[in-house]
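Participant: this is a predicted model, with the sequence first.
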Amino acid sequence: MAKPRHSRLDCNPGCPVEAAVSLIDGKWKCVILFHLLEGTMRFNEMRRRLPGVTQRTLTNQLRELEQDGLVTRTVYAQVPPKVEYNLSPLGRTLEPVLGALKRWGDAHIGLFGGSAPKPAPERAASAGHS
């Protein structure tokens, strides 16, 4: 039996956090949303950017994000079919949250066996001008 995607919220003090996390839980959802901040992407482009995700998992995560109103899916009637994914206006509201997660991850990546990311050239040049 499939696990229900969203539990009923009981509006205790953590209710808004529970509601938010229930929409973005899943190993790949935040990563998918983060990449969509850059703009429109097709399925295979996402697969290239997320080499650790299976086709089935990516498909399922995108479907859930679409059902929850965070991602829009546009299908073009052509052969072969063309499908594009974008953040919806609601999904765009997660930009500060995803940015905060990235900054936290950049600052603490060493705790997880990774090395600190190298700044992109355009970011390195503007880093001192904040």
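Facilitator: It's in. For clarity, every value in this text was computed on a predicted model and none was experimentally measured.
Participant: pull the helix or strand with minimum mean pLDDT from this structure.
Facilitator: Taking mean pLDDT, DSSP states H and E as the measure, the helices and strands of the chain show their lowest mean at helix 121-126, namely a mean of 46.
Participant: and the helices in this structure?
Facilitator: 15-24, 29-36, 43-49, 55-67, 89-92, 95-108, 121-126 (DSSP state H).
Participant: which helices and strands does the first one pack with?
Facilitator: When contacts are defined as 3 or more Cβ pairs under 8 Å, 6 or more residues apart in numbering; DSSP states H and E, helix 15-24 packs onto no helix or strand at all. For every residue, glycine as well, the C-beta is placed using N, CA and C.
Participant: before we move on, what about the longest one?
Facilitator: Contacts of helix 95-108 with other secondary structure elements, assessed using 3+ Cβ pairs under 8 Å, 6+ apart, are made with helix 29-36.
Participant: elements contacting the helix it packs on?
Facilitator: helix 43-49, helix 55-67, strand 71-76, strand 82-87, helix 95-108.
Participant: what is the neighbour count of residue 89?
Facilitator: Other residues near residue 89 come to 10 when the count uses other Cβ atoms under 10 Å.
Participant: of all residues in this protein, which one is nearest the centre?
Facilitator: residue 33 (2.1 Å; Cα atoms, centre = their mean).
Participant: in this structure residue 85 contacts residue 63, no?
Facilitator: No - under the criterion of Cβ atoms under 8 Å, residue 85 makes no contact with residue 63, lying 10.7 Å away.
Participant: more crowded one of those two?
Facilitator: Shown here are residue 85 and residue 63; by other Cβ under 10 Å, residue 85 has more neighbours (21 against 12).
Participant: which residues does that one form beta bridges with?
Facilitator: residue 41, residue 73 (DSSP bridges).
Participant: residues contacting it?
Facilitator: 36, 40-43, 46, 62, 71-74 (Cβ atoms under 8 Å, 6 or more residues apart in numbering).
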